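**Student:** 3D, please:
(one chain, ligands or ions: 2)
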Amino acid sequence: MLYDTLIRNALVIDGSDTPGYRADVAIRGGRIERIGELHEARAREEIDAAGRVLAPGFIDVHTHDDTVVIRQPQMLPKLSQGVTTVIVGNCGISASPVSLRGDPPDPMNLLGTAQAFAYPRFADYRDAVEAATPAVNVAALVGHTALRSNHMDDLLRTASVGEITVMRQQLRESLEDGALGLSTGLAYANAFCAATDEVMQLSEELAAFGAVYTTHLRSEFEPVLEAMDEAFQIGRHAQSPVIISHLKCAGAGNWGRSPQVLAALESAAQNHPVGCDCYPYAASSSTLDLKQVTDAHRITITWSTPHPHMGGRDLTDIAAGWGVSLLEAARRLQPAGAVYYGMDESDVRRILAHPLSMVGSDGLPEDPFPHPRLWGAFPRVLGHFSRDVGLFPLHTAVHKMTGLSAARFGLKDRGEIREGHWADLVLFNPKTVRDVADFNTPQRAAEGIDGVWVNGVLSYREGRANGKREGRFLAREGDLRRGFQSTE
Ligand code: ZN
Ligand code: CU
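**Tutor:** Ligands and ions are numbered 1, 2, ... in the order given. Next up, the predicted model:
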């Protein structure tokens, strides 16, 4: 038997949240064909993986890679971390279905300028991803703000009956063409005026497809529990799973409340499929939001259209230099991007460690001075939080970025190392794996990632992409509610 690839002597951490075991793994035709002691077997390419961990390729469940997977399909920030699948369309913003009448409304501008939005139907986006063949697999949500922007002349109000009808049609058509579900970003001004009822009516389209509802909550600050209640109310009404995006306790007045927030999540989970994702940092990042300007914690500017040279500088320094208030400085910088150092480390750790949480980077690939999560989120969980801090065992870290994520989003035959599954794999050194990107030098590839296979093809090896791009578009398969059973 001649295989395509044999990875010998690896410590296999299979994604199921169980400790690793030593085995050889044989790949053929894009899939894992055998796992075991394969001494007699031969392959065109054989790799000795002694001292290395072989894990399922990481699934980045929270990304804004919608247009970058097409425009920069090598996807180095993700591939270099061991990520083999990205889920796009989070936080209410998606590249499709979108028909712009001018510049993309905030925060859709995080996905690119107007030219990047060339997909009036979800099927157009799917075709474009397939034509681009990015280095990683892509699955997509439909953004609520994107639907609003298509059909409403004024985003600072709730939608009319007629507008809801056409948004529903567009959502339904997207779900028919393979969208995973609906995302909202209710905290952002351009969605904040949407009444709960608007979202509930849209969400009625989800159940027939077994699709998911993901949400950047209406508030991550003091009213976070009320915002979670709203999310669960929508999910129950829709009979759809709820994934809370980048769950956190934001703002100094909210620090220390993670036990309450997690208790609310657990209690909802008792009679409804719910979960969350989070990124492993105590700072957030998005467009510069005047409502979030404060002197209670540090804020740095990552980009500014009128003042591009301010990228990387503190808002307090900029304001002092101009002799104006923080708020006035922020006004002058807009449109702009920011990093907000607005979380407490103990809250971040408690949420990350919770069994209902998955890892998602929330990286912003368009940002010229991005939050380091874009290049570092996954190795940071493996190296810093699992190995160095001891927050959870390595197999639990891997589970939160593979098996759990694939189950929640119904990614069939992915997320675990099993015979018959697609060979999305990452080989890493558990002693050295670490994130190198930080807030000062945010665009640096992780260390300790030795090999990344996407659909059976080695695409990244020893610190370099080799130009292979084997990613596919992953359309929704089956009923996502099933992926929430048999868990806590
Ligand atoms: Zn968000
Ligand atoms: Cu996001």
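**Student:** From now on I want contacts and neighbour counts done on CA atoms only, so please keep to that.
**Tutor:** OK.
**Student:** Tell me how far the spatially most central residue of the chain lies from Gly92.
**Tutor:** Closest residue to the average C-alpha location of the chain: His62 at 1.3 Å, with Cα atoms, centre = their mean. As judged by Cα to Cα, to the nearest Å, His62 and Gly92 stand 12 Å apart.
**Student:** what about the residue nearest to the centre of the chain, distance to ligand 2?
**Tutor:** Here His62 is placed at a distance of 6 Å from ligand 2 (Cα to the ion, to the nearest Å).
**Student:** Equivalent analysis for Asp65, please.
**Tutor:** Using Cα to the ion, one gets 10 Å for the distance from Asp65 to ligand 2.
**Student:** If you tally nearby residues, what's the number for that residue?
**Tutor:** Using other Cα atoms under 10 Å, the number of residues around Asp65 comes to 30.
**Student:** and the stretch 51-200 of the chain, which residues reach ligand 1?
**Tutor:** By Cα under 5 Å from the ion, the residues of the stretch 51-200 of the chain that approach ligand 1 are Cys91.
**Student:** thinking again about what came up before, right, and the residue nearest to the centre of the chain touches Asn90 too?
**Tutor:** Yes: counting by Cα atoms under 8 Å, Asn90 is a contact partner of His62 at 6.3 Å.
**Student:** what sits in contact with each of the two?
**Tutor:** Here His62 and Asn90 have Ser245 as joint contacts, going by Cα atoms under 8 Å, 6 or more residues apart in numbering.
**Student:** Contacts only, for the nearest residue to Ala50 once chain neighbours are set aside.
**Tutor:** Leaving aside its sequence neighbours, Ala50 sits nearest to Asn9 (Cα to Cα, 6 or more residues apart in numbering; 5.0 Å). Going by Cα under 8 Å, 6+ apart, Asn9 touches 22-24, 48-50.
**Student:** Identify the farthest-apart pair in those residues.
**Tutor:** Greatest spatial distance in the contacts of Asn9: Arg22 and Asp48, 12.2 Å, computed using Cα to Cα.
**Student:** mind listing the helices in the stretch 51-200 of the chain by residue range?
**Tutor:** With DSSP state H, counting those that start in this stretch, the ranges of helices along the stretch 51-200 of the chain come out as 68-71, 76-79, 122-132, 144-151, 161-176, 189-192, 196-203.
**Student:** next one: the stretch 351-488 of the chain
**Tutor:** 373-379, 394-399, 403-408.
**Student:** Could you tell me the model confidence score at the one residue in the stretch 351-488 of the chain that gets nearest to ligand 1?
**Tutor:** Per Cα to the ion, Asp362 is where the stretch 351-488 of the chain lies closest to ligand 1, at 7.2 Å. Turning to Asp362, the model gives it a pLDDT of 98.
**Student:** Check the burial of it by counting its neighbours.
**Tutor:** Asp362 has 27 neighbouring residues, counting by other Cα under 10 Å.
**Student:** was I right about it contacting Gly376?
**Tutor:** No: taking Cα under 8 Å as the definition, Asp362 is not a contact partner of Gly376, at 11.0 Å.
**Student:** Quick check: what element follows the top strand by length along the chain along the chain?
**Tutor:** Across the chain, the longest stretch assigned as strand under DSSP state E is strand 2-12. For strand 2-12, the following helix or strand on the C-terminal side (DSSP states H and E) is strand 21-28.
**Student:** And that following strand, what does it pack against?
**Tutor:** In terms of contacts (3 or more Cα pairs under 8 Å, 6 or more residues apart in numbering; DSSP states H and E), strand 21-28 is packed against strand 2-12, strand 31-36.
**Student:** Next, the buried residues of the helix or strand following the last one.
**Tutor:** Reading on from strand 31-36 to the C-terminus, the next helix or strand found by DSSP H and E is strand 42-48. By neighbour count, with 16 or more other Cα atoms under 10 Å as the criterion, the buried positions of strand 42-48 are Ala43.
**Student:** repeat for stretch 303-322
**Tutor:** Using 16+ other Cα under 10 Å as the burial criterion, the residues of stretch 303-322 that qualify are 303-304, 310-312, 314-316, 318-319.
**Student:** With stretch 479-488 instead?
**Tutor:** 479-481, 483-484.
**Student:** closest to Cys276 among the residues you listed?
**Tutor:** Distance to Cys276 across these (Cα to Cα) is lowest for Phe484, with 11.9 Å.
**Student:** just checking, the closest one touches Cys276?
**Tutor:** No: the pair Phe484 / Cys276 is not scored as a contact, 11.9 Å apart, by Cα under 8 Å.
**Student:** contacting residues around the closest residue to Asn90 other than its chain neighbours?
**Tutor:** Leaving aside its chain neighbours, Asn90 sits nearest to Ser183 (5.6 Å; criterion: Cα to Cα, 6+ apart). Counting by Cα under 8 Å, 6+ apart, Ser183 touches 89-93, 141-144, 213-216.
**Student:** Any quick ChimeraX command for the buried ones out of these?
**Tutor:** Filtering the contacts of Ser183 down to the buried ones (16+ other Cα under 10 Å) takes a single ChimeraX command:
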select :89,90,91,92,93,141,142,143,144,213,214,215,216
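**Student:** Tabulate the contacts of Ser183 in TSV, adding columns for pLDDT.
**Tutor:** Shown next, in TSV, are the contacts of Ser183 (pLDDT from 0 to 100):
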residue	pLDDT
Gly89	98
Asn90	98
Cys91	98
Gly92	98
Ile93	98
Leu141	99
Val142	99
Gly143	99
His144	99
Tyr213	98
Thr214	98
Thr215	98
His216	98
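**Student:** Go through the helices of the stretch 351-488 of the chain and pick out the most buried.
**Tutor:** Mean neighbour count (mean count of other Cα atoms under 10 Å) peaks for helix 373-379 among the helices of the stretch 351-488 of the chain, with a mean of 29.
**Student:** Around ligand 2, which positions in the stretch 151-300 of the chain sit nearby?
**Tutor:** Contact residues (Cα under 5 Å from the ion) of the stretch 151-300 of the chain with ligand 2: there are none.
**Student:** Pairing partners for the residue of the stretch 151-300 of the chain found nearest ligand 1 in the sheet, please.
**Tutor:** Ligand 1 sits closest to His216 of the stretch 151-300 of the chain, with a gap of 4.8 Å, by Cα to the ion. For His216, the beta-bridge partners under DSSP bridges are Gly185.
**Student:** Nearest residue to the one residue in the stretch 51-200 of the chain that gets nearest to ligand 1 in space, please, no chain neighbours.
**Tutor:** Nearest residue of the stretch 51-200 of the chain to ligand 1, counting by Cα to the ion: Cys91, 4.4 Å away. Among residues not flanking Cys91 along the chain, Gly185 sits closest, at 4.3 Å (Cα to Cα, 6+ apart).
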